[in-house]
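Student: How does the following fold in three dimensions:
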Amino acid sequence: MRVIAGVARGRRLTVPGGRDVRPTSDRVREAVFSSLGSMSAVEGARVLDLFAGSGALGIEALSRGAAAATFVDHDRRVIDTIRANLDATALAAQASVVCDDALGYVAAHPEAVDLAFVDPPYAFDAWDELLGRLRAGVVVLESDRPPPLATRFEVLRAKAYGGTVVTIARPA
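Tutor: Reported below is the predicted structural model:
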């Protein structure tokens, strides 16, 4: 997997082994960032990458001009991979990497961000709790089905890519 665009374009990213990490494909990342670019949602943004995996979404945002990114994942092995990817792309100075559960992190850090990526395991069932606490100007949600957004969010775009559904929304 490589960074698609921006200052780190073409740099190779490492993906943690095993079945727990499901990296967002290049095709899906390109489509997501095309949509975000048309909304002017990346340049200068403060980004939160929850369930960060390889960190590809947050790193892509940094490469495309986001001001800062926080990467959150509960798996120490994944955290080491994110740090290595940030070093490989020379974007570590703009990033913080936190080993924590996404729900716990959002509960302990109620400050708003401009852009949040939320890509939990497909079995994740705490959407209401997470989205009820998350404060973000734009959220990009990735799942195997449309997430329950209730009335708190307005869907801007939703599209299925094979077995992956990407929903871009903002607070209503």
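Student: Now do residue 11, the pLDDT please.
Tutor: As summarised for this prediction, residue 11 has a pLDDT of 75.
Student: show me where pLDDT drops low in the protein?
Tutor: Within the chain, the set of residues satisfying pLDDT under 70 comprises 1-4, 17-22.
Student: Tell me the buried residues in stretch 139-150?
Tutor: Counting neighbours by 16 or more other C-beta atoms under 10 Å, one finds that the buried residues in stretch 139-150 are 139-143, 147, 149. Heads up, the C-betas are built off the backbone N, CA and C, glycines and all.
Student: And the strands in the chain, which stretches?
Tutor: With strands called from DSSP state E, the chain shows them at 46-50, 68-73, 95-99, 113-118, 136-143, 153-161, 164-171.
Student: Given the third one, what are its sheet partners and their directions?
Tutor: Going back to what we said before, that points to strand 95-99. Taking DSSP bridges as the criterion, strand 95-99 sits next to strand 68-73 (parallel) in its sheet.
Student: same question, the last one
Tutor: Strand 164-171 pairs in its sheet with strand 136-143 (antiparallel), strand 153-161 (antiparallel), by DSSP bridges.
Student: So which bits of the longest one are buried?
Tutor: Residues 153, 156 are the ones in strand 153-161 that count as buried (16+ other C-beta under 10 Å).
Student: next one: it to chain centre, how far?
Tutor: How far strand 153-161 lies from its chain's middle: 15 Å, per C-alpha atoms, centre = their mean, to the nearest Å.
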